[in-house]
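I'd like to go over a predicted model; first the sequence, then the structure.
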Amino acid sequence: MPTAILAFPQHHSLRMPEARGNRSLGTAVNIMIRLAIAALFIVTLSGCIPLTQTAITPKDGRLGGYVESDGSLAISWKTSNSPRESDKPEIDIERSYAIAPNGKRYSLRFVSSGRDIGSSCWRTGSLWLIDPSHPQSHNHWHSGTWKMRLQFLPPHSDLQFIKEVRVWTFFYNPIIHGPPN
């Protein structure tokens, strides 16, 4: 019987506090690791700048553009090698359109930039998406792959551009990516 009394205090009183101490130390380390990871993400993502990227395909050197901060598509196109105003065709808004990634069809409104240089063969301006059910409001070119058809007024009505416009957002961070080139 005396041996049973000596074994009881040794088994319960000495081991339990050690087990509790190890658990609290492990929990504290686990919490510190999680806080360090959270702090790392906050520091690295705090300088992120969303940059809208645009790719117009197929590339043929005659049409280029990018999405501006106001949501319009800034475009420039070359239709001939002549700098004369009569050789610079106008977009036929009635027959030109864009199809959103979700399949919705939008009309287009072209606003000339006024930056056309008389001696240049290029036309520049902004294309706005117009919802036919709300013709007074502009819509933004949002992320996804758009299908676009640009048709021109006579005497250039045989000229058209059928393009895919891919729009996506890239999050630039100078801490991660370094300074811009």
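The structure has been received and is ready for your questions.

check which helix or strand covers Ala39.
helix 2-45 (DSSP states H and E).

so Arg123 bridges to which residues?
Trp77 (DSSP bridges).

Which helix or strand in this structure has the lowest average pLDDT?
helix 2-45 (a mean of 65; mean pLDDT, DSSP states H and E).

for this protein, which spans come out with low pLDDT?
1-23, 44-45, 79-88, 114-120 (pLDDT under 70).

can you point me to the longest strand in it?
Looking across the chain with DSSP state E, the single longest strand is strand 160-172.

Residue ranges of each domain in the chain, please.
Here the domain parsing of the chain from automatic domain parsing is 1-46, 49-172.

Show me the beta-bridge partners of the spatially most central residue of the chain.
By C-alpha atoms, centre = their mean, the chain has its centre lying nearest to Thr169, at 1.5 Å. Note on Thr169: beta-bridge partners by DSSP bridges are Thr52.

Report the contact partners of it.
Pro50, Leu51, Thr52, Gln53, Ser143 (C-beta atoms under 8 Å, 6 or more residues apart in numbering). Every C-beta, even on glycine, is put in place using the N, C-alpha and C of the backbone.

Is the first one in a helix, a strand, or coil?
Under DSSP: H, G, I helix; E, B strand; the rest coil, the three-state class of Pro50 is strand.

what about His140, distance to Ser113?
18 Å (C-beta to C-beta, to the nearest Å).

For these two, indicate the residue with more neighbours.
His140 (15 against 12; other C-beta atoms under 10 Å).

In this structure that one contacts Gly71, no?
Yes: assessed by C-beta atoms under 8 Å, His140 is found in contact with Gly71 at 3.3 Å.

so Gly65 bridges to which residues?
Residues in a beta bridge with Gly65, per DSSP bridges, are Ile75.

show me what contacts it?
Thr54, Ile56, Leu73, Ala74, Ile75, Ser76, Leu127, Val165.

what's the most distant pair in those residues?
Spatial extent of the contacts of Gly65 (C-beta to C-beta) is set by the pair Ser76 and Val165 at 13.9 Å.

More neighbours: those two, which one.
Val165 (22 against 17).

close enough to count as contact, that one and Gly144?
No: in this structure, Val165 is not within contact of Gly144 by C-beta under 8 Å, at 9.2 Å.

What are the neighbouring residues in contact with Leu108?
Leu108 neighbours (C-beta under 8 Å, 6+ apart): Ile91, Ile93, Ser96, Tyr97, Ala98, Leu127, Trp128, Leu129, Ile130, Met148, Leu150.

what comes up buried for the longest strand of the chain?
For strand 160-172, the neighbour count (16 or more other C-beta atoms under 10 Å) marks Phe161, Lys163, Val165, Val167 as buried.
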